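Participant: no sequence on this one, just coordinates:
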């Protein structure tokens, strides 16, 4: 069963309490400092005690939530929205006492919405944004005088106040949407990278199993040879037709069967550098195409390049990545898929093209990013619903291909021809690097004299 990678994303979305508490203490200190400067340094008239009381409420709430949960606690959506909503109301109360929207600190309405956009759900952010806009609207019509000097209160024009209100509202909307989008893309990228690492870990486990199998065959050779030798001695001593003779015969047959199995396991290590590990690009393409011939789609393969043909080392990651691209082409093709490989002395390229509807314009620029499901071609997948799956297949394929040194590009066919294609280009030295290193390495086959003597 495929794990739901979104679970980790939902947990990562939660706001860490320690971070929020530190930000709120910074806000309390900033508010208290600003009020003190206005009162004692500038000697402006303002309701100092009322302002300190409002700031003190924020400090008390900060102490309360610090005592309520440990610093490592991550707030749920409801608790986070409630605390940030209090911050908006507290800021509105402080602004009411100090000039409303005429106070330049009205821009701080953006802070709670910005925090929510990066850590909480879109619904919670929308609620906080609405609350902030409502408070700003109320302050535009009702507030106490802006603190000013002895020359009398300062009255700003109504059109200027309207401009401040518009700036606050647009700032809340733009920064909230922008911060949410950036944070969501970062979370999706982290989840998709985790999925990629999971795929690579599974491939690594498969490679390790080959080595363990060969090592087990080597270690079991000596005891198996001893068992066979004892079985032969028992067979010589047993009377023909007796029960002991039947048992020793069965024992020798099973030992012979074990010898054959161990020989196969040992050959996995001996075939490094052989035809199973090193393959030409033609063999690679044929291995990718062969499983797809069972589908009702014509598959054409073209190979174009001067001899010698590029040779690469078998790479599960590369085979998976190219196979995924071919799967997508077959899924969306109407009747035909073309797989073309070309090479020169400098580079190697593989192009996979289908005659389907092509990429939708809004999808084309984002193909290969995590959670971009299907090609947006306006049709259902042959095996399921349109847009089914997590949208990680092309992202993982792109990541694996790029790790092999290739550059992957997606595009639609020229207007009138129809279809889409994916093209991968490697430098030939990168493409053949694994096979070259493998061929030049000194072979170290496992010694198996014990098995040979069985």
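Facilitator: On my side now, so go ahead. Keep in mind it's a predicted model, so treat the numbers as computed, not measured.
Participant: domains in this structure, by residue range?
Facilitator: Taking automatic domain parsing as the reference, the chain has its domains at 9-197, 207-274, 278-438.
Participant: average pLDDT across the second one?
Facilitator: What domain 207-274 shows for mean pLDDT is 73.
Participant: and for the last one?
Facilitator: Across domain 278-438, pLDDT averages out at 80.
Participant: need the domains of the chain in a markdown table with mean neighbour count, can you?
Facilitator: Backbone N, C-alpha and C define where each C-beta goes, glycine included. Below are the domains of the chain laid out as a markdown table (neighbours: other C-beta atoms under 10 Å):
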| stretch | mean neighbour count |
| --- | --- |
| domain 9-197 | 17 |
| domain 207-274 | 15 |
| domain 278-438 | 17 |
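Participant: now the strands for the stretch 251-400 of the chain?
Facilitator: For the stretch 251-400 of the chain, strands defined by DSSP state E, counting those that start in this stretch occupy the ranges 278-280, 298-305, 311-313, 336-343, 347-354.
Participant: equivalent analysis for the stretch 51-200 of the chain, please.
Facilitator: 74-75.
Participant: show me where pLDDT drops low in it?
Facilitator: 151 (pLDDT under 70).
Participant: tell me which stretches of it form helices.
Facilitator: 77-97, 110-119, 122-141, 158-237 (DSSP state H, counting those that start in this stretch).
Participant: got it, and the stretch 251-400 of the chain?
Facilitator: Going by DSSP H, counting those that start in this stretch, the stretch 251-400 of the chain shows helices at 281-289, 316-332, 361-364, 393-403.
Participant: and the helices of the stretch 51-200 of the chain as TSV, adding distance to residue 292?
Facilitator: Below are these laid out as TSV (distance: least, C-beta to C-beta, whole Å):
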stretch	distance to residue 292
helix 77-97	45
helix 110-119	43
helix 122-141	40
helix 158-237	20
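Participant: who's in contact with residue 98?
Facilitator: 35, 38, 46, 51, 105, 144, 146, 147 (C-beta atoms under 8 Å, 6 or more residues apart in numbering).
Participant: please repeat the previous calculation with a cut-off of 6 Å.
Facilitator: Applying C-beta atoms under 6 Å, 6 or more residues apart in numbering, we find residue 98 in contact with 46, 147.
Participant: can you check the one 5 residues further on too?
Facilitator: Applying C-beta under 6 Å, 6+ apart, one finds that residue 103 lies in contact with residue 95.
Participant: so how far is residue 145 from the residue nearest the centre of the chain?
Facilitator: Residue closest to the mean C-alpha point of the chain, counted by C-alpha atoms, centre = their mean, is residue 192 at 1.5 Å. Residue 192 sits 54 Å away from residue 145, going by C-beta to C-beta, to the nearest Å.
Participant: what's the answer for residue 314, then?
Facilitator: Residue 314 is 79 Å from residue 145, by C-beta to C-beta.
Participant: show me what contacts residue 84?
Facilitator: 112, 116, 128.
Participant: any chance of those in a markdown table, plus distance to residue 285?
Facilitator: As requested, the contacts of residue 84 are exported to a markdown table (distance: C-beta to C-beta, whole Å):
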| residue | distance to residue 285 |
| --- | --- |
| 112 | 56 |
| 116 | 51 |
| 128 | 55 |
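Participant: tell me which of the residues you listed is nearest to residue 248?
Facilitator: residue 116 (79.2 Å; C-beta to C-beta).
Participant: what about the closest one, distance to residue 93?
Facilitator: Residue 116 sits 20 Å away from residue 93, going by C-beta to C-beta.
Participant: likewise for residue 146?
Facilitator: Relative to residue 93, residue 146 is positioned 16 Å away (C-beta to C-beta).
Participant: also residue 428?
Facilitator: 70 Å.
Participant: try residue 21
Facilitator: For residue 21, the distance to residue 93 - C-beta to C-beta - is 21 Å.
Participant: tell me which element residue 422 falls in.
Facilitator: strand 420-427 (DSSP states H and E).
Participant: ok, for residue 131, nearest residue in space, not its chain neighbours?
Facilitator: residue 88 (5.4 Å; C-beta to C-beta, 6 or more residues apart in numbering).
Participant: next, the contact list for the one you found, please.
Facilitator: For residue 88, the contact set (C-beta under 6 Å, 6+ apart) comprises 112, 131, 132.
Participant: now the residues you listed as JSON lines including distance to residue 30?
Facilitator: Output for those, formatted as JSON lines (distance: C-beta to C-beta, whole Å):
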{"residue": "112", "distance to residue 30": "14"}
{"residue": "131", "distance to residue 30": "21"}
{"residue": "132", "distance to residue 30": "18"}
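Participant: so residue 400 is in contact with residue 322, correct?
Facilitator: No - with contact defined as C-beta atoms under 6 Å, residue 400 does not count as touching residue 322 (8.8 Å).
Participant: circling back to that earlier point, thought the residue nearest to the centre of the chain was touching residue 397?
Facilitator: No - with contact defined as C-beta under 6 Å, residue 192 does not count as touching residue 397 (11.6 Å).
Participant: give me every residue that touches the nearest residue to residue 73 once chain neighbours are set aside.
Facilitator: Closest residue to residue 73 apart from its sequence neighbours, by C-beta to C-beta, 6+ apart: residue 17 at 4.5 Å. Residues near residue 17 by C-beta under 6 Å, 6+ apart: 69, 73, 75.
Participant: swap the cut-off to 10 Å and go again
Facilitator: Taking C-beta atoms under 10 Å, 6 or more residues apart in numbering, we find residue 17 in contact with 65-66, 68-75, 79-80, 83.
Participant: now it. Its backbone dihedrals?
Facilitator: Backbone torsions of residue 17, given as degrees, to the nearest 10, read phi -60, psi -40.
Participant: likewise residue 359?
Facilitator: The phi/psi pair for residue 359 (degrees, to the nearest 10) is phi -80, psi 140.
Participant: that one contacts residue 411, correct?
Facilitator: Yes - here residue 359 reaches residue 411: they are 7.9 Å apart, a contact under C-beta atoms under 10 Å.
Participant: need the residues touching each of these two.
Facilitator: 367, 420, 421.
Participant: the residue in the chain sticking out farthest from the centre in helix, strand or coil?
Facilitator: The C-alpha centroid of the chain is most remote from residue 239, which lies 69.5 Å away (C-alpha atoms, centre = their mean). Secondary structure, DSSP: H, G, I helix; E, B strand; the rest coil: residue 239 is coil.
Participant: quick one: which helix or strand includes the residue nearest to it when sequence neighbours are not counted?
Facilitator: In this structure, residue 239 finds its nearest non-sequential neighbour in residue 245, 6.5 Å apart by C-beta to C-beta, 6+ apart. Assigned by DSSP H and E, residue 245 falls within helix 243-270.
Participant: how about residue 417?
Facilitator: Going by DSSP H and E, residue 417 is not in any helix or strand.
Participant: just residue 27 next, same as before
Facilitator: Going by DSSP H and E, residue 27 is in helix 17-36.
Participant: gap between stretch 333-350 and the chain center?
Facilitator: Put simply, stretch 333-350 sits 28 Å off its chain's centre (C-alpha atoms, centre = their mean, to the nearest Å).
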